[in-house]
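[1] I would like to see how this sequence folds:
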Amino acid sequence: MTTFLTFIGIIALFIFFKFIYDTYLTNNTERDWQEYKSGNPHEARVLENNKGLNFNTDYSVRKDGIYVFRHEGVSQYGEPFKLTMLLLFNYKKRAIKVEMEGYPEIDKTTISEIIQDIAEYTILDRDCAEYLIDNGKIKMKFMNSSTHGDEYTGSVLKNGLILTRIVHYWDEMLGCKNTKVSLQNMKFEFINAV
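    Numbering: from 1, shown residues only. So this is what the prediction gives:
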């Protein structure tokens with residue numbers, strides 16, 4: 001019995017010293033994490049943004065509330081602006097997007113008013129799109145026409161979303177459809193409606 005405990009103790013000490021060596025002496029842990037992030041950006045983002053030791057990377061969107069993103073920046077004309085974007089998901093696999101200027105207060109009354117305003121949205125509305133979730137990754141396209149619209153791709157977290165907005169537009173200079181990344185790592189926080 002003492003031989004077995006001695007063996008377990010030696011293995012535990014080896015693992016402990018290997019951790020110290022990799023983390024503090026050679027910085028292998030940080031290098032390995034950077035390599036993992038470049039090879040698995042979705043999984044790395046989910047792990048970085050989940051709290052605690054929750055390693056679940058396959059969440060689904062919640063339909064009992066609203067996702068809120070707030071952004072402050074400078075326009076292409078040099079003027080400061082504030083933007084609030086809301087995303088709602090329903091059981092028909094549709095996402096509804098609402099954009100507002102400034103930072104309005106989002107409480108349960110506001111959420112219920114927004115839900116009433118958009119209750120009649122159909123897939124033909126420019127702020128309504130079908131969404132696809134595959135292994136914790138989400139994708140949706142809000143198209144105003146065949147050449148103009150916004151595409152959102154990213155990760156579903158436990159209580160939020162991290163999305164990248166890709167803008168599709170008609171480039172007058174090139175005379176064809178073009179695409180550019182507008183905002184990256186947009187962090188949406190979930191607010192429960194009930």
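
[2] list of residues touching stretch 6-20?
    Surrounding stretch 6-20, not a single residue is in contact under the criterion C-beta atoms under 8 Å, 6 or more residues apart in numbering. The C-beta positions use only the backbone N, C-alpha and C, and glycine is treated the same way.

[3] if we go by neighbour counts, what in that stretch is buried?
    Using 16 or more other C-beta atoms under 10 Å as the burial criterion, none of the residues of stretch 6-20 qualify.

[4] got the residue ranges for the helices in this protein?
    For the chain, the helices defined by DSSP state H occupy 2-20, 28-39, 41-49, 108-117.

[5] reformat these as JSON lines; add mean pLDDT and distance to residue 189.
    Formatted as JSON lines, the helices of the chain follow (pLDDT from 0 to 100; distance: least, C-beta to C-beta, whole Å):
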{"stretch": "helix 2-20", "mean pLDDT": "86", "distance to residue 189": "34"}
{"stretch": "helix 28-39", "mean pLDDT": "77", "distance to residue 189": "23"}
{"stretch": "helix 41-49", "mean pLDDT": "71", "distance to residue 189": "11"}
{"stretch": "helix 108-117", "mean pLDDT": "78", "distance to residue 189": "13"}
